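In: everything below, folded, please.
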Amino acid sequence: MSKPFPHLFSTIQLAGHRLRNRIVFGAHTANMSEGGLPGERHIAYYAERAIGGAAMIVVEPMPVHPAAVLTRGNFRPSDDSVIPHFKRVAEAIKGHGAVAVQQLYHIGAHGDSDNSYHPHWSPSGLPSYHDSDGSHAMSEAEIWETIDGFVQAARRCKEAGFDGVEVWAAYLCLVDQFWTPWSNSRVDDWGGSIENRTRFSREIMTRIRALCGPDFIIGLAISDEPDHSVALTRDELAEIVALHDDLGLVDYVTCGSGGYLDFHKLMPTFLYPEKLGVDLAATIKRAVKNAVVIAESHIRTPENAETVLGEGAADLVSIVRGQIADPHLATKANEGRAGDIRGCISCNQMCWGRRSRDYWISCLINPSAGREFEWGGDRFTRAANRKKVLVVGGGPAGLEAARVAAERGHSVVLAEAASRLGGNFLLAGMQPRRAQILDLIGWYERQLASLGVDVRLNSFVDSSDIPQFDVDVVILATGSYAPETGFQKALPAVAVLPGLERGNVFSIEAVMARQVRPGKRVLLFDEGGGWRGGGTAWKLAEEGHQVTMLSPDPLIGKELQRTTADVPLRHILAKLGVNWLLEVSILEWHGNGATLLDHNTGERRFVEGDCLVLATTNMSMTVLAEELRSSEHRVISIGDCAAPRQAPYAFYEGRKAALEL
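Out: Numbers count the residues shown, from 1 in each chain. I've put the predicted structure just below:
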């Protein structure tokens, strides 16, 4: 019987190392170090992906100089004290059969003064696109100091046992700032001709090769930003890469998308097409004679990866968020169990979203990410005592609690009042381009069935029903509901929105569930700044409604900034004709429009509308919890019924509750 992914699970030679398949867990800032050193959290995170079958793991970037420090969790630059700690990381990866590589980086102009406390250095003194500061043009001495920083960082990696390093020349960082005429206007030996502009990278890689030897892997990470005329074109990148390839300086090239000029494609959300880095990879593959080419950026699934390899667009594929969401993606695909892979939903909430706030990263749908040293990575130990468990509610918290409890050997009944699983998360999956959520719910349905969970739909449970289940533990995941008060946080003294009794005021949930019929002109008040409001506005506009969004915030999609989804969402909404009024609240609903308060001027204005849709904070569904307060059963409340929050915390509490049974 042939394997389902023959290209993906063929081996390949890379600079004296045999990779067991074509799947790479590419570099990304996990931000997990403590005091600049990798610890148990970091080691277990990478080890889990090696256990899960990845062929090569590129550990997160090491800043090669104090000017390059970008995050709180960056490793210590220019310090040999990291070597014994790196050694533990390398051993953990290689001990489970994967090749271990460390990325080396310098962001050049795009520094972060809050973290580095160092002047930003760049070829020609352009401003930072990361913070609001500027940089200064590097002196000859600073250029050589930085080159030596790269070389010494590579030495530390070799001494720690890594198989190679990846030189970061992506996202318009320091290396490609030298490459790019727009960011390199120097008139000395480091600027002007292509030979001069690539001198910086050639010196780095030549010296690493001389110091670390021919079998030490040297990779090069690049990306493109085709929507910006000042960025290098794919053909120009291919010429530069070919120059390094001809000199034998590069063993592989990783091809991604986006950068500091086009930050939203750097880790593309579901708003973008999949396989964004493939066109660049195909261009580079045609240009090189020796180097192996890796395609990355939004290659979420084994099916995507097999297509890329089958087309000959790349030799390897980097699946990062897909292996954050399911660290055993490679093993499951290789064993013909692709249907068991928990698919990334491309939301960026807990990976890039946490990193953007300078926390260590995790995953919305895999709360073990970053907690592998405490929880493992979906490798559950059987419980010492088998219990009978009732889970009430089939939203994210209930689904995860039921699944993990069953994985640990407990007997589980899941009761859901609706006709389908998913809760309010199901409604989110009905917003435009969010069908990956529906795929995830389908994954849960398959997992629960294979684990023997007794799923009962259309089963409303009250306290009098509990005895008939004959269980040891009751896990309440009853979710939340939209209050019918119209309360707005910016108007704390107004408990109930005046005019609510006039009707045609609906919750986001009622609209998405098609329980109501909004009129032609929709006023949508978005207090949360997330997908509840923005995604619903998108759907209504697509269906032909004239939508005006109202927000107390200074921009639409405030909470989506951390995921890099806010700008593309606003572009989409604007193209659909959605209008918005910012820094306003609703003083009164009139049935045919609303009186608004401008928070900047105190002025009032009337805006016409046939209906008012509210995306305000929900309330916990606590009735059953209160009824069971004196119950003899052990009762645990999780998810929105404990407190209404975003989905990551529901998945987290579901898993945590099941692990503690």
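In: now do the contacts for residue 486.
Out: Residue 486 is in contact with 496, 497, 500, 505, 586, 589, 614, 616, counting by C-beta atoms under 8 Å, 6 or more residues apart in numbering. Where you see a C-beta, it was placed from the backbone N, CA and C, and this is true even at glycine.
In: wait, is the fifth one part of a helix?
Out: Think residue 586. No: the assignment for residue 586 (DSSP: H, G, I helix; E, B strand; the rest coil) gives strand, which keeps it out of a helix.
In: can you verify my assumption that it contacts residue 598?
Out: No: contact criterion C-beta atoms under 8 Å: residue 586 and residue 598 do not qualify, at 11.7 Å.
In: so which of these two has more stuff around it?
Out: residue 586 (25 against 14; other C-beta atoms under 10 Å).
In: returning to that earlier point: among the contacts of residue 486, who's most crowded?
Out: The residue in the contacts of residue 486 with the most neighbours, by other C-beta under 10 Å, is residue 614 (30 neighbours).
In: let me see the domain layout of this structure.
Out: Per automatic domain parsing, the structural domains of the chain span 12-375, 388-481+620-659, 500-617.
In: distance to residue 381 and mean pLDDT added to these, as CSV?
Out: Shown next, in CSV, are the domains of the chain (distance: least, C-beta to C-beta, whole Å; pLDDT from 0 to 100):
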stretch, distance to residue 381, mean pLDDT
domain 12-375, 10, 96
domain 388-481+620-659, 7, 96
domain 500-617, 33, 97
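In: nearest to residue 490, out of those?
Out: Residue 490 sits nearest to domain 500-617 of all the domains of the chain, at 4.3 Å, using C-beta to C-beta.
In: and stretch 416-430, C-alpha only, in PDB?
Out: Once non-C-alpha atoms are left out, stretch 416-430 reads as follows in PDB (Å, rounded to 0.1, in the frame of the first residue of the first chain):
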ATOM      1  CA  GLU A 416     -25.200  19.800  24.400                       C
ATOM      2  CA  ALA A 417     -28.500  21.700  24.300                       C
ATOM      3  CA  ALA A 418     -28.200  22.600  20.700                       C
ATOM      4  CA  SER A 419     -28.500  20.400  17.600                       C
ATOM      5  CA  ARG A 420     -24.800  20.900  16.800                       C
ATOM      6  CA  LEU A 421     -21.500  21.000  18.700                       C
ATOM      7  CA  GLY A 422     -19.500  24.200  18.900                       C
ATOM      8  CA  GLY A 423     -21.400  26.700  20.900                       C
ATOM      9  CA  ASN A 424     -20.700  30.300  20.000                       C
ATOM     10  CA  PHE A 425     -17.500  29.200  18.400                       C
ATOM     11  CA  LEU A 426     -19.700  27.500  15.700                       C
ATOM     12  CA  LEU A 427     -21.100  30.900  14.900                       C
ATOM     13  CA  ALA A 428     -17.600  32.400  14.500                       C
ATOM     14  CA  GLY A 429     -16.900  29.700  11.900                       C
ATOM     15  CA  MET A 430     -19.900  31.000   9.900                       C
END
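In: just how off-centre is it within its chain?
Out: The chain centroid and the centroid of stretch 416-430 are separated by 23 Å under C-alpha atoms, centre = their mean, to the nearest Å.
In: so which bits of that stretch are buried?
Out: For stretch 416-430, the neighbour count (16 or more other C-beta atoms under 10 Å) marks 416-418, 421-430 as buried.
In: between these, which is nearest residue 125?
Out: residue 428 (45.1 Å).
In: grab the nearest non-local neighbour of the closest one.
Out: residue 437 (5.5 Å; C-beta to C-beta, 6 or more residues apart in numbering).
In: neighbours of the one you found, how many?
Out: 24.
In: what's near enough to touch it?
Out: 345, 422, 425, 426, 428, 429.
In: how about the CA coordinates for the strand or helix carrying residue 636, as CSV?
Out: Here residue 636, judged by DSSP states H and E, is contained in strand 634-637. Extracted C-alpha coordinates of strand 634-637, given in CSV (Å, rounded to 0.1, in the frame of the first residue of the first chain):
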residue,chain,number,x,y,z
ARG,A,634,-17.7,17.5,42.3
VAL,A,635,-18.6,20.4,40.0
ILE,A,636,-16.1,22.4,37.9
SER,A,637,-17.0,25.5,35.9
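In: can you list contacts of the next helix-or-strand element following it?
Out: Following strand 634-637 in sequence order, the next helix or strand is helix 647-659 (DSSP H and E). For helix 647-659, the surrounding residues in contact (C-beta under 8 Å, 6+ apart) are 349-350, 362-368, 375, 380, 395-405, 407-408, 410, 425, 428, 475, 477, 636, 638-640, 642.
In: buried stuff in the biggest helix by length in the chain?
Out: When the chain is parsed with DSSP state H, its longest helix is helix 140-160. Residues 143, 146-158, 160 are the ones in helix 140-160 that count as buried (16+ other C-beta under 10 Å).
In: show me what it is packed against.
Out: Contacts defined by 3 or more C-beta pairs under 8 Å, 6 or more residues apart in numbering; DSSP states H and E place helix 140-160 against helix 83-94, strand 99-105, strand 164-168, helix 199-212.
In: okay if I get those as JSON lines plus mean neighbour count?
Out: JSON lines is the format used below for these (neighbours: other C-beta atoms under 10 Å):
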{"stretch": "helix 83-94", "mean neighbour count": "19"}
{"stretch": "strand 99-105", "mean neighbour count": "26"}
{"stretch": "strand 164-168", "mean neighbour count": "27"}
{"stretch": "helix 199-212", "mean neighbour count": "20"}
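In: circling back to that earlier point, pull the most distant pair out of the contacts of residue 486.
Out: Spatially, the most separated pair among these is 589 and 616, at 13.3 Å (C-beta to C-beta).
In: so what's residue 20 up against?
Out: Residues in contact with residue 20 (C-beta under 8 Å, 6+ apart) are 11, 53, 55, 97, 98.
In: surely the first one meets residue 17?
Out: It refers to residue 11. No: Residue 11 is beyond contact range of residue 17, at 10.4 Å (criterion: C-beta under 8 Å).
In: higher neighbour count, the two?
Out: Taking other C-beta under 10 Å, residue 11 and residue 17 do not tie; residue 17 has more neighbours (18 against 11).
In: residues in contact with the more buried one?
Out: Counting by C-beta under 8 Å, 6+ apart, residue 17 touches 99, 163, 215, 217.
In: that one bridge partners, please.
Out: Judged by DSSP bridges, the bridge partners of residue 17 are residue 14.
In: among the contacts of residue 20, name the ones in strands.
Out: In strands, judged by DSSP state E, none of the contacts of residue 20 are found.
In: tell me the buried residues within the residues you listed.
Out: Buried among the contacts of residue 20 (16+ other C-beta under 10 Å): 53, 55, 98.
In: what's the closest non-adjacent residue to the second one?
Out: Leaving aside its chain neighbours, residue 55 sits nearest to residue 19 (4.0 Å; criterion: C-beta to C-beta, 6+ apart).
In: distance check, the one you found against residue 625.
Out: Residue 19 sits 51 Å away from residue 625, going by C-beta to C-beta, to the nearest Å.
In: and if you look at residue 64?
Out: Separation of residue 64 from residue 625 (C-beta to C-beta) stands at 53 Å.
In: now swap in residue 535 and tell me
Out: 29 Å.
In: who's more crowded, those two?
Out: Taking neighbours as other C-beta under 10 Å, residue 535 and residue 625 compare with residue 535 leading, 23 against 20.
In: could you give the angle of the strand or helix carrying the more buried one to helix 647-659?
Out: Using DSSP H and E, residue 535 falls within helix 531-542. For helix 531-542 against helix 647-659, the angle by axes from the mean of the first three to the mean of the last three C-alpha atoms, to 10 degrees is 130 degrees.
In: helix 531-542 packs against which elements?
Out: When contacts are defined as 3+ C-beta pairs under 8 Å, 6+ apart, helix 531-542 sits against helix 424-428, helix 508-512, strand 521-526, strand 546-551, helix 566-575, strand 611-615.
In: in a markdown table, list these along with distance to residue 32.
Out: Formatted as a markdown table, those follow (distance: least, C-beta to C-beta, whole Å):
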| stretch | distance to residue 32 |
| --- | --- |
| helix 424-428 | 28 |
| helix 508-512 | 35 |
| strand 521-526 | 34 |
| strand 546-551 | 34 |
| helix 566-575 | 26 |
| strand 611-615 | 34 |
